[in-house]
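>>> with the input below, show me the fold.
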Amino acid sequence: MIVNAYQSAAEIALSRIRDALGPRGQWPGTVTLDRDPGRARSDLAPPLTALGVLALQGVPLAGVANLLSLSHNHLRLTMLPGGLWRYYANIPPDTDDSAMCALALADADRESVALTRASLTATRLPNGLFPTWFAPGWSPVVDPVPVAHVVALLGSGQSTDEAVAWLTTVVADAREVTESAYYPDPLDTHVAISRAVARGVSGLRSALDQAQERAVERLLAPAAESAYRTAQALVVIESMRGRSAQAARTCGRDRLLAARLTDGTWPTHTLFEAGNSTGPGRYLYQSWAIVGALCVRALTLPVEDQAGAV
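Model (predicted):
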């Protein structure tokens, strides 16, 4: 059951997102240098489309299936040999973008996803982790979000056992941000881990349990989070049951309703960021549409009754 006010808000936002997609189903975003709006440019990179698709998978609203089908087409058209993807044409493929795009295609193109699995398995480091960058000459930085996305794609097994153990330790030690080069909040890692658990990686269940407890604390805190962080926290506790989880859902979703802009969408937010000491500065990758899609998902999660059953 979806509370009517939540569903109405979700339907309005979904309509805005649908109208904003490119002709091939591309999801819109922007890249901003050093938080300066005057230094922003449009961004239609395939991983943005993948994030939008991942947010809407399984959302029970009319029109979602057609929207996803259109976006699947864009992901197919941007796939490189070996089932890989890259963010821009002037940089090599990487594990995070490839895993996200493959997860977004999922059952829509199993043959291509099988290629991605084989290619990413081959990037496995001697310590069992997966580098973000695997092209010669590129720094093989290990980041928990890309690792979690690769684990979600590959599933449980010998090829991911060490990665699962490492992610579990990262969450237990609250090292999500210190270990990450691109993602500035623990929720970024927690959402990726929730995707892996939803796809059957039971070894990450304890990590998700910890993430869910922290998400409940954030949702029930007096100070409101941004709409994006609120939606992320709601997605993390999607499978959580009990009174505290339901109270957190109600609080979080009510805050999402209150945070809407006049057009029914939500403020844009940084999804990930990149830059280094030798470059021009820090690039912030943002998208109001992906924020909206995650809010739509958060607003359309099943509502528990007073006994705690769904």
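>>> T268 and L284 touch, don't they?
No: taking contacts as C-beta atoms under 8 Å, T268 lies outside contact range of L284: 9.8 Å. Where C-beta positions appear, they are placed from N, C-alpha and C, glycine not excepted.
>>> phi and psi next, for the nearest residue to H269 once chain neighbours are set aside.
Distances taken as C-beta to C-beta, 6 or more residues apart in numbering put Y228 closest to H269, at 3.7 Å, once the chain neighbours are dropped. Taking degrees, to the nearest 10, you get phi -60, psi -50 for the backbone angles of Y228.
>>> and Q26, how close does it get to D94?
Separation of Q26 from D94 (C-beta to C-beta, to the nearest Å): 19 Å.
>>> show me where pLDDT drops low in the stretch 201-310 of the chain?
Counting by pLDDT under 70, the stretch 201-310 of the chain has low-confidence residues at 276-280, 303-310.
>>> go with 50
In the predicted model of the stretch 201-310 of the chain, residues 277, 305-310 satisfy pLDDT under 50.
>>> helices of the stretch 1-150 of the chain, start to end?
Here the stretch 1-150 of the chain has its helices, by DSSP state H, counting those that start in this stretch, at 4-20, 46-56, 64-77, 95-105, 110-121, 144-154.
>>> quick one: closest of the ones you listed to W138.
W138 sits nearest to helix 95-105 of all these, at 11.2 Å, using C-beta to C-beta.
>>> now do the closest one and helix 64-77, the angle between them.
Relative orientation of helix 95-105 versus helix 64-77 (axes from the mean of the first three to the mean of the last three C-alpha atoms, to 10 degrees): 140 degrees.
>>> and helix 95-105, what's its mean pLDDT?
Regarding helix 95-105, the rounded mean pLDDT is 97.
>>> kindly export that helix (C-alpha atoms) in CSV.
Taking C-alpha atoms only, helix 95-105 is exported to CSV below (Å, rounded to 0.1, in the frame of the first residue of the first chain):
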residue,chain,number,x,y,z
THR,A,95,34.8,-0.7,-12.7
ASP,A,96,32.2,1.6,-11.0
ASP,A,97,30.6,2.9,-14.2
SER,A,98,30.7,-0.5,-15.9
ALA,A,99,29.2,-2.3,-12.9
MET,A,100,26.5,0.4,-12.5
CYS,A,101,25.5,0.3,-16.1
ALA,A,102,25.5,-3.5,-16.2
LEU,A,103,23.4,-3.7,-13.0
ALA,A,104,20.9,-1.2,-14.6
LEU,A,105,20.6,-3.5,-17.7
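>>> distance from the chain centre to the helix or strand containing V291, please.
Assigned by DSSP states H and E, V291 belongs to helix 288-299. Computed by C-alpha atoms, centre = their mean, to the nearest Å, the chain-centroid distance of helix 288-299 equals 11 Å.
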